[in-house]
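[1] Turn this into a structure:
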Amino acid sequence: MAVRPKLFLVLKTAVLLVLGVLVLGSGQPRAELVLRVLLLEAKEAQANVGVHQRITIAGSTSYSAGELLLAAGTNGLLVNGENVGPWAEFAGGSFGLNGRSYRGSLLGVWQNGKLLLINRVGLEDYLKGVVPSEVPASFPFEVLKAQAVLARTYALSRLNPGGLYDLCADQRCQVYAGASAESPRHSQAVEATQGLIVSFGELPITAVYHADSGGYTAASEEVWGKALPYLVPRPDPYSQSPAGSWERVLEPAEVTRVLNSQGFDVGVVAGLEVLSYSESGRPTKLRVTGSAKMLEFAGPQATRLLRALGLPSTRVRFEGWRVFGQGSGHGVGMSQWGAKGFADQGRDFRQILGYYYPGTFLSSFEVVAGVKAKLLSVTPTLNPSRMLSEAAVAR
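    The predicted structure follows:
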């Protein structure tokens, strides 16, 4: 992996409320980029806030600490029963929601009769709430650093200046549990890699990762049908998790049900066999024999079928209805258990990332053109209140 010099660009201090990002500019000290993370979509919710500024379309007012009942009204956001307009931000440095504490501010948005609760949080504070959900604190520190870089890369690849939020807080994006999930060791890993991302072609990479490759990582086209030059099959000799080898027995009735749910009707399934394997040892073509007809599934379609059957991974072989498998997860990109093995052998986080994402660069996100383009996509002269209220109504 090539390492680019870390250039310290300066940023303008004005924060765009609608974007949740800072605009690259000149003449002012560097400030932290702010993300917008969707925490909850509901009809109503209860939050706890300390002393804070309540910012609405009408202006900003100071409030004391207390509980807030937030709800979606007929045509606006209700705060303790009062309609405050299409949105309100509660800026006090931290807040509580659904038993968890979060850094940053809470933004409530009314959208077509629903309530969106969004956390506006600094990038590095966001990562401190993500990395603990991905790798245990007991893993080598270099693995935690590698995971922090990947989580930061993923977050920046999802910047969405034209939308109301950048990321969600669950498995559809990255699991983000806020300040409640933070641990000193994970936070140290985030701080030790501050600002660093993995890039390719002046863009953040598709920073996918998984638990255990089973001994060989998969190519991106095996899983999603799109080839990326840095997501290629590679031997993964140290990827050996405690549950790395497993065995399952499939039931023909369950295979029939899964096929029907995917829109395929072969009658009653009588057989399932692998016709070909990829370099990584994963099926690239399957044949399903049923009482009505026979179907073949190739590439990502074969992968989707195997994952829909509830198998931990697709690095498998069949003996009748018995399945013998290795690994856990989709197998693309960094294997967390494999990274642990490399770290145990003395590799640092740069070497780990370079192995799993060959041909990429490790650099400060501020020098990656694709990130800068998003940060510069809206000028600071626009009225953030007007933009957010229009987006809340139109989205």
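[2] So Val249 sits against Glu319, correct?
    No - judged on C-beta atoms under 8 Å, Val249 makes no contact with Glu319 at a distance of 10.2 Å. All C-beta spots, glycine's among them, are computed from the backbone N, C-alpha and C.
[3] could you pull out the helices for the stretch 251-395 of the chain?
    Listed in chain order, the helices of the stretch 251-395 of the chain (DSSP state H, counting those that start in this stretch) span 252-261, 300-308, 336-344, 349-356, 369-375, 384-394.
[4] between these, which gets nearest to Ala137?
    Closest approach to Ala137 among the helices of the stretch 251-395 of the chain (C-beta to C-beta): helix 336-344, 12.5 Å.
[5] Tell me the buried residues in that closest one?
    Gln336, Trp337, Gly338, Ala339, Lys340, Gly341, Phe342, Ala343 (16 or more other C-beta atoms under 10 Å).
[6] Can you tell me which of the residues you listed lies closest to Arg304?
    Gln336 (22.9 Å).
[7] Kindly state the domain boundaries assigned to the protein.
    Listed domain ranges for the chain are 1-205+360-395, 211-332 (source: automatic domain parsing).
[8] mind putting those domains in a markdown table, mean neighbour count and mean pLDDT included?
    A markdown table is the format used below for the domains of the chain (neighbours: other C-beta atoms under 10 Å; pLDDT from 0 to 100):
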| stretch | mean neighbour count | mean pLDDT |
| --- | --- | --- |
| domain 1-205+360-395 | 18 | 82 |
| domain 211-332 | 18 | 95 |
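[9] With distance to Phe349 added, can I get the ones you listed in JSON lines?
    As requested, the domains of the chain are exported to JSON lines (distance: least, C-beta to C-beta, whole Å):
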{"stretch": "domain 1-205+360-395", "distance to Phe349": "4"}
{"stretch": "domain 211-332", "distance to Phe349": "15"}
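[10] and of the helices of the stretch 251-395 of the chain, who's closest to Leu78?
    Relative to Leu78, the nearest member of these by C-beta to C-beta is helix 384-394, separated by 14.1 Å.
[11] With adjacent residues omitted, what lies nearest to Gly104?
    Val121 (3.3 Å; C-beta to C-beta, 6 or more residues apart in numbering).
[12] quick check, the one you found in a strand?
    Yes - counting by DSSP: H, G, I helix; E, B strand; the rest coil, Val121 is located in a strand.
[13] Identify the bridge partners of it.
    Leu35 (DSSP bridges).
[14] quick one: contacts for it?
    Applying C-beta atoms under 8 Å, 6 or more residues apart in numbering to Val121 gives the contacts Val34, Leu35, Val37, Tyr102, Arg103, Gly104, Ser105, Gly129.
[15] Let me know the closest of those to Arg287.
    Val37 (43.7 Å).
[16] Need the residues that contact stretch 245-262.
    Residues contacting stretch 245-262 (C-beta under 8 Å, 6+ apart): 265-270, 272, 288, 290, 295, 304-305, 308-312, 321-326.
[17] go with 6 Å
    Val269, Ala308, Leu309, Pro312, Trp321, Arg322, Val323, Phe324, Gly325, Gln326 (C-beta atoms under 6 Å, 6 or more residues apart in numbering).
[18] ok, now stretch 135-148?
    127, 131, 134, 183, 185, 189-190, 192-193, 336, 339-340, 343, 348-349, 352-353.
[19] make it 8 Å
    127, 131, 134, 183, 185-186, 188-190, 192-193, 209, 334, 336, 339-340, 343-344, 347-349, 352-353.
[20] ok, back up a step: mind putting the helices of the stretch 251-395 of the chain into JSON lines with distance to Phe90?
    Converted to JSON lines, the helices of the stretch 251-395 of the chain look like this (distance: least, C-beta to C-beta, whole Å):
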{"stretch": "helix 252-261", "distance to Phe90": "42"}
{"stretch": "helix 300-308", "distance to Phe90": "40"}
{"stretch": "helix 336-344", "distance to Phe90": "36"}
{"stretch": "helix 349-356", "distance to Phe90": "36"}
{"stretch": "helix 369-375", "distance to Phe90": "25"}
{"stretch": "helix 384-394", "distance to Phe90": "15"}
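[21] Nearest to Ala219 among these would be which one?
    Once those are compared by C-beta to C-beta, helix 300-308 is nearest, at 11.0 Å.
[22] Check which helices and strands the closest one sits against.
    Here helix 300-308 is seen to pack against helix 220-224, helix 252-261, strand 283-290 when contacts are counted using 3 or more C-beta pairs under 8 Å, 6 or more residues apart in numbering; DSSP states H and E.
[23] Measure how far the longest one is from the centre of its chain, please.
    Meaning helix 252-261. Here helix 252-261 is found 30 Å from its chain centre; the criterion is C-alpha atoms, centre = their mean, to the nearest Å.
[24] can you check stretch 278-293 too?
    30 Å.
[25] end to end, how far does it reach?
    26 Å (C-alpha to C-alpha, to the nearest Å).
[26] Then stretch 262-279?
    OK, stretch 262-279 end separation, C-alpha to C-alpha: 27 Å.
[27] again, but for stretch 241-259
    Stretch 241-259 has an end-to-end distance of 31 Å (criterion: C-alpha to C-alpha).
[28] please begin residue numbering at 35 from this point
    Sure, I'll start counting at 35 from here, so that last one is stretch 275-293.
[29] from the chain's centre, how far out does it sit?
    27 Å.
[30] Quick check: the gap between the residue nearest to Gly138 and Gly127.
    As judged by C-beta to C-beta, to the nearest Å, Val155 and Gly127 stand 11 Å apart.
[31] Now for those two: what residues contact both?
    Arg137, Gly138, Ser139.
[32] Not counting sequence-adjacent ones, nearest residue to the first one?
    Read it as Arg137. Computed as C-beta to C-beta, 6+ apart, the closest residue to Arg137 that is not its neighbour in sequence is Asp159, at 4.4 Å.
[33] ok, now which ones touch that neighbour?
    Arg137, Gly138, Ala213.
[34] between the contacts of stretch 279-296, which is closest to Pro238?
    Using C-beta to C-beta, Pro346 is the member of those that sits closest to Pro238, with 28.4 Å.
[35] Perfect, I'm done here.
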